[in-house]
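Enquirer: Provide a 3D model corresponding to the input given below.
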Amino acid sequence: MARLILDASDDLTCDDFLGGKIRVWQPRKGYRAGVDPVLLAASVPAKPGQSILELGCGVGVASLCLAARVADVTVTGVEIQTNYAALAQRNAAENQLPLTVISADLRTLPADLRQQRFDHVMMNPPYFDRSVSTSAMDEGRDIALGGDTPLAEWLQVGAKRVSPRGYLTVIQRMERLPEVLTALDSRLGAFIVRPIAGRIGKPPELFLLQARQEGRAAFRMAPTLIMHAGEMHDGDQESYRANVANVLRNGAELPIWS
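Expert: Next comes the predicted model:
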């Protein structure tokens, strides 16, 4: 991901994603989107004409990556932080991609949104349980990494917005997998979990999870996604495996079961 500082007065940077296919403004300090939302977007099996909701869209990276990959989709993002929501709307406009951003707390969604259901709901909820972790100094970063909304509530709100036979796709830290499965049990089915590890021989730190409304298939654990080639970091050269590089640089799809 290349970075170009273009608007120092607003303390923003403009960053390339998908090999420059989209360019995204985000705060120079605080929470900054990286690889995770790109992997999330690539794993959503959206098709042209479908609707997508992203809860906690930040500056819009996942939503814009998905809209860049799949034509003719309708994408809605919800973001509690007004400055991030404004940047997401700006990023959508400048990239000429279909993203409508709603600045709201997911616990108190606008009435019209509570009446809608979507073919796909995706989310990258805060990774850390605020009750057992230390707050970040920057407010934006703290909300993105911890926040005060329990993970179970994120998942329950998301599950409610999934249409019949629709999908929920989540990326989260591996140690929180039991929480995620517990929160979604009896709400969705046909669970697939794909662990994500940095290198061969390393334990997975993250996972992608996909579940389906009215899904009846048995739980499946997909092969681990290995991000980097080799057993250890070797110099400053990029070491992403070919399939991962194709996602990050070219906007390729990343089926959760592959």
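Enquirer: contacts, neighbours, all on C-alpha from now
Expert: Fine.
Enquirer: isn't there a strand covering Met122?
Expert: Yes: judged by DSSP: H, G, I helix; E, B strand; the rest coil, Met122 forms part of a strand.
Enquirer: is it true that it touches Gly56?
Expert: No: using Cα atoms under 8 Å, Met122 is not in contact with Gly56; the gap is 9.1 Å.
Enquirer: neighbour count for these two, which is higher?
Expert: Met122 (30 against 27; other Cα atoms under 10 Å).
Enquirer: list the contacts for the more buried one?
Expert: Applying Cα atoms under 8 Å, 6 or more residues apart in numbering to Met122 gives the contacts Leu40, Ala41, Val44, Ile52, Leu53, Glu54, Leu55, Gly158, Leu168, Thr169, Val170.
Enquirer: and the fourth one, helix, strand or coil?
Expert: It stands for Ile52. Looking at Ile52 with three-state DSSP, the answer is strand.
Enquirer: number of nearby residues for it?
Expert: Counted with other Cα under 10 Å, Ile52 comes out at 28.
Enquirer: go on, the first one?
Expert: By the measure other Cα under 10 Å, the count of residues near Leu40 is 26.
Enquirer: give the contact list for it.
Expert: Ala62, Met122, Met123, Asn124, Thr169, Val170, Ile171, Leu208.
Enquirer: the last one: which element?
Expert: Spelled out, that is Leu208. strand 206-212 (DSSP states H and E).
Enquirer: hmm, Val247 is touching Ala42, no?
Expert: Yes: assessed by Cα under 8 Å, Val247 is found in contact with Ala42 at 6.9 Å.
Enquirer: so what sits against both of the two?
Expert: Glu253, Leu254.
Enquirer: average pLDDT across the top helix by length along the chain?
Expert: Scanning the chain for the longest helix, with DSSP state H as the assignment, gives helix 82-95. Summarised as a single mean, pLDDT over helix 82-95 is 96.
Enquirer: pull out the buried positions in that helix.
Expert: Tyr84, Ala85, Ala86, Leu87, Ala88, Gln89, Arg90, Asn91, Ala92 (16 or more other Cα atoms under 10 Å).
Enquirer: which of these lies closest to Asp129?
Expert: Top of the list for closeness to Asp129, among these and by Cα to Cα, is Tyr84 at 21.6 Å.
Enquirer: how close does that closest one sit to Leu12?
Expert: With distances taken as Cα to Cα, to the nearest Å, Tyr84 is found 11 Å from Leu12.
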